[in-house]
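Colleague: sequence below, structure please.
(2 chains)
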Amino acid sequence: MIQVQNLTKKFGEIVAVNDLSFSVKKGEILGFLGPNGAGKTTTMRILTCYTPATSGTATIAGYDIFNDSFEIKRILGYLPETPPLYLELTAREYLLYVAKLKGVPIAKHRSALDNVIQKCGLEKVIDRVLNNLSKGYRQRVGIAQALINSPQILILDEPTSGLDPKQIIEIRELIKSLAGEHTVILSTHILPEVTQTCQKIIIINEGSIVAEDSYEELIAKTNKTNKTRVMIKTADDNIINKIKEINGVQNVVREFSAERNVIIVESEMDCDVREELARMIVNSRCGLLELKHEVMSLEDVFLHLITKEEGTVN
Amino acid sequence: MKNIATITAKELKSYFISPVAYVITTVFLVITGYMFYSRISSFSLYCFKMMNYSKALETLNINYNVLRQSFSTMITTIMFMMPIMTMRIIAEEKKNKTMELLMTSPVTISEVVFGKFFALLILYAGMLLITIYMPLYASYYSKVDWGPIISGYVGMLLLGSVFLAIGIFASALTENQIVAALISFAFILIFVLIDWAANLADGQVAIVLKYLSLSSHSYNFFKGVIHSKDVVFYLSFVAFGLFMSFRVIESKRWTQ
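Modeller: Here you go, the predicted structure:
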């Protein structure tokens, strides 16, 4: 559905996006992940035909972003970083205006409006002036605006920023429900968001792709060791030394905590030491309180990849 | 065409939701109305005084002494008001990031520029239309020659369009509305007063400067002459201003 090839965007000397290539299949949700200033917004602006790329091309649904931008704009829904609201209008006036701009036929205005009101939960605020709405509702109107022409492709720049936890969950559910018929690209720096909504993740740093895969595969790729978190009543050096002797254990680290009773046991990837570990601790009567297999979070992957990247640059 | 109408309708709505349209219209009508009142009352007083001098009375002309003066008051007023009326037209879109919506919708930049221009033109034409009470009032008490008044209004509309085009261009340059207002005021002032410089220059330079002057092209209209030379000048000025706005908006896209 979306093919991006060697996309580069320079602002004078500054390279915002550097030789980006990726593709998104129809109905997929792609998560764009990266620290502030990584080039997420610029990439999205290029894909929405808002700003032209310095070099490279991209095609969306078979249309070229430079030559057929008009066709793309018709089938595209875009929520920029700041929702583009006319604060003096009411939500209804605003959404109707966007519908007209996007070329939604007048006969369909009512149904399109009802549809986004229901999807984004705007029933209560639809006749209120946008200036008087809270940030969360403004964001929702922004999402409604992107959905009004039921676009094939939806590009959302940090869709959940400014929302409360309940709304965040609702919006994530909404985005998930859109997959299938819509192709979605969303950017965020909130990591759990990506793991919960996206089928495919692209981690981008300083304008280049650092990693591109599904969440599970990213974890598998960056995970070198199996980690087990153990909490015991009395954690002295004696028991730590004993743990180190278990077959397969590579490293034992004491986690920083007030009680100093949590230790992380790192073992080889294909070796599960949990059973042996539990038996050993129980036998030595140290008081096993908790034993848990630690899953590497996307935060770890992210930090790992980004710091690795910086390491190679320097 | 449909897109232009959509944008025009939205802009007009924005003007009438905010106090801008009401304040500008009120100020315009108060200033021009007061000047008209003082002109017509001093004119009638003068007529009383000249009652016994039939020769002198013949030289008094309401078109010349009252209505044409009213037009020049209107010009002075809109010179100050147009920059304020136009300053938000594009600058605000950039400030509020709504430009991103327009530029990612299937509308062209020229449709945006024209849509906004027509909204301003309708607003301005509405203001002008209200001032028609001046000649109507005058014609109730005296004999008014309508020809120069109609041509005067045509001239006002064209001259105002030029001011609007300059204002849109200035608004496209910046996202700061105050800066936009100052730039358009500066441009308007330069092109209205450029024939002063013409008096100091000589030869070809003087001719060019005189031709570029916005005010010198307005005299014919108030005399009752609609000269194609003046119409073409104003329309090409408008086209140039809108074209420049288009170019500014387009070039800004590359650096976003």
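
Colleague: where's the closest residue to chain B within the stretch 51-200 of chain A, which helix or strand?
Modeller: Nearest residue of the stretch 51-200 of chain A to chain B: A:P84, at 3.7 Å (C-beta to the nearest C-beta). (C-beta placed from N, C-alpha, C; glycine too.) Following DSSP states H and E, one finds A:P84 outside all helices and strands.

Colleague: may I have the phi/psi pair for it?
Modeller: Dihedral pair for A:P84: phi -80, psi 80, per degrees, to the nearest 10.

Colleague: equivalent analysis for A:L156, please.
Modeller: phi -120, psi 120.

Colleague: same thing with A:I155?
Modeller: Backbone dihedrals for A:I155, given as degrees, to the nearest 10, come out at phi -120, psi 120.

Colleague: same check on B:I226?
Modeller: Per degrees, to the nearest 10, the backbone of B:I226 is at phi -100, psi 100.

Colleague: now for it, how many residues are close by?
Modeller: Using other C-beta atoms under 10 Å in any protein chain shown, B:I226 is surrounded by 15 other residues.

Colleague: sorry, back to before: wait, the residue of the stretch 51-200 of chain A closest to chain B sits on B:K95?
Modeller: No - here A:P84 does not reach B:K95: they are 11.3 Å apart, not a contact under C-beta atoms under 8 Å.

Colleague: so between these two, which is more surrounded?
Modeller: A:P84 (24 against 14).

Colleague: skipping adjacent residues, who's closest to the more buried one in space?
Modeller: B:L101 (3.7 Å; C-beta to C-beta, 6 or more residues apart in numbering or on different chains).

Colleague: what's whatever helix or strand B:Y234 lives in packed up against?
Modeller: For B:Y234, the enclosing helix or strand under DSSP H and E is helix B:228-254. With contacts taken as 3 or more C-beta pairs under 8 Å, 6 or more residues apart in numbering or on different chains; DSSP states H and E, helix B:228-254 sits against helix B:88-95, helix B:109-130, helix B:146-173.

Colleague: now the longest one: average pLDDT?
Modeller: Put plainly, it is helix B:146-173. Regarding helix B:146-173, the rounded mean pLDDT is 95.

Colleague: ok, the first one next?
Modeller: The predicted model gives helix B:88-95 an average pLDDT of 93.

Colleague: which SSE is immediately downstream of that helix?
Modeller: Note on helix B:88-95: by DSSP H and E, the next helix or strand toward the C-terminus is helix B:99-103.

Colleague: tell me what that following helix is packed against?
Modeller: Going by 3+ C-beta pairs under 8 Å, 6+ apart, helix B:99-103 lies up against helix A:91-101, helix B:88-95.

Colleague: dump the ones you listed into CSV; add distance to B:S216 as well.
Modeller: Compiled in CSV, the helices and strands packed on helix B:99-103 are given as follows (distance: least, C-beta to C-beta, whole Å):
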stretch, distance to B:S216
helix A:91-101, 41
helix B:88-95, 28
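
Colleague: show me where pLDDT drops low in chain A?
Modeller: A:222-224, A:256-260, A:296-298, A:306-314 (pLDDT under 70).

Colleague: what ranges do the helices span in it?
Modeller: A:40-47, A:69-74, A:91-101, A:109-120, A:135-147, A:165-178, A:191-197, A:215-222, A:237-244, A:274-283, A:298-313 (DSSP state H).

Colleague: please work out which of those is packed deepest.
Modeller: Each of the helices of chain A was scored by mean neighbour count; the highest is helix A:40-47, a mean of 24, by mean count of other C-beta atoms under 10 Å in any protein chain shown.

Colleague: pull the distance from it to the chain's centre.
Modeller: In terms of C-alpha atoms, centre = their mean, to the nearest Å, the centre of helix A:40-47 is set 15 Å apart from its chain centre.

Colleague: contact partners of it?
Modeller: Where contact means C-beta atoms under 8 Å, 6 or more residues apart in numbering or on different chains, the residues beyond helix A:40-47 that reach it are A:2, A:4, A:7, A:9, A:16-17, A:20, A:32, A:34, A:51-53, A:58, A:60, A:65, A:78, A:80-81, A:155, A:157, A:185, A:187, A:204, B:100, B:256.

Colleague: look up how far B:Y124 lies from A:A144.
Modeller: Note on A:A144: its distance to B:Y124, by C-beta to C-beta, to the nearest Å, is 34 Å.

Colleague: how about B:N220?
Modeller: Going from B:N220 to B:Y124 by C-beta to C-beta gives 21 Å.

Colleague: tell me which of these two has more neighbours.
Modeller: B:Y124 (24 against 16).

Colleague: got a list of what the closest residue to A:I175 other than its chain neighbours touches?
Modeller: Nearest residue to A:I175 in three dimensions, chain neighbours excluded: A:T197, at 5.4 Å (C-beta to C-beta, 6+ apart). By C-beta under 8 Å, 6+ apart, the contact set of A:T197 is A:I29, A:G31, A:R172, A:I175, A:K176, A:L186.

Colleague: contacts only, for the third one.
Modeller: Yep, that's A:R172 we're talking about. A:T160, A:E193, A:Q196, A:T197.

Colleague: tally of neighbours for the nearest residue to A:N36 once chain neighbours are set aside?
Modeller: In space, and not counting its chain neighbours, A:N36 is closest to A:H189: 6.7 Å by C-beta to C-beta, 6+ apart. When neighbours are defined as other C-beta under 10 Å, A:H189 has 16 of them.

Colleague: was I right about A:H189 contacting A:G31?
Modeller: No - counting by C-beta under 8 Å, A:H189 does not reach A:G31; the two are 10.8 Å apart.

Colleague: relative to A:P80, how far out is the residue of the stretch 101-250 of chain B found nearest chain A?
Modeller: Nearest to chain A, among the residues of the stretch 101-250 of chain B, is B:L101, at 3.7 Å (C-beta to the nearest C-beta). Taken as C-beta to C-beta, the spacing of B:L101 relative to A:P80 amounts to 8 Å.

Colleague: now do B:S213
Modeller: For B:S213, the distance to A:P80 equals 44 Å [C-beta to C-beta].

Colleague: more neighbours, those two?
Modeller: Higher neighbour count among B:S213 and A:P80: A:P80, with 24 against 19, using other C-beta under 10 Å.

Colleague: find the centremost residue of chain A, please.
Modeller: Nearest to the geometric centre of chain A sits A:V194, at 3.1 Å (C-alpha atoms, centre = their mean).

Colleague: roughly how far apart are that residue and B:P148?
Modeller: Separation of A:V194 from B:P148 (C-beta to C-beta) stands at 72 Å.

Colleague: picking that back up, mean confidence for the helix holding B:Y234?
Modeller: Here helix B:228-254 scores 93 as its mean pLDDT.

Colleague: stretch B:133-143 too?
Modeller: Computed over stretch B:133-143, the average pLDDT equals 89.

Colleague: just give me how far it sits from the chain centre.
Modeller: So, by C-alpha atoms, centre = their mean, the centroid of stretch B:133-143 is 24 Å from its chain's centroid.

Colleague: buried set for it?
Modeller: B:M134, B:P135, B:A138, B:S142 (16 or more other C-beta atoms under 10 Å in any protein chain shown).

Colleague: in JSON lines, list those along with distance to chain A and secondary structure.
Modeller: Below are the buried residues of stretch B:133-143 laid out as JSON lines (distance: C-beta to the nearest C-beta, whole Å; DSSP: H, G, I helix; E, B strand; the rest coil):
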{"residue": "B:M134", "distance to chain A": "33", "secondary structure": "helix"}
{"residue": "B:P135", "distance to chain A": "36", "secondary structure": "helix"}
{"residue": "B:A138", "distance to chain A": "39", "secondary structure": "helix"}
{"residue": "B:S142", "distance to chain A": "45", "secondary structure": "coil"}
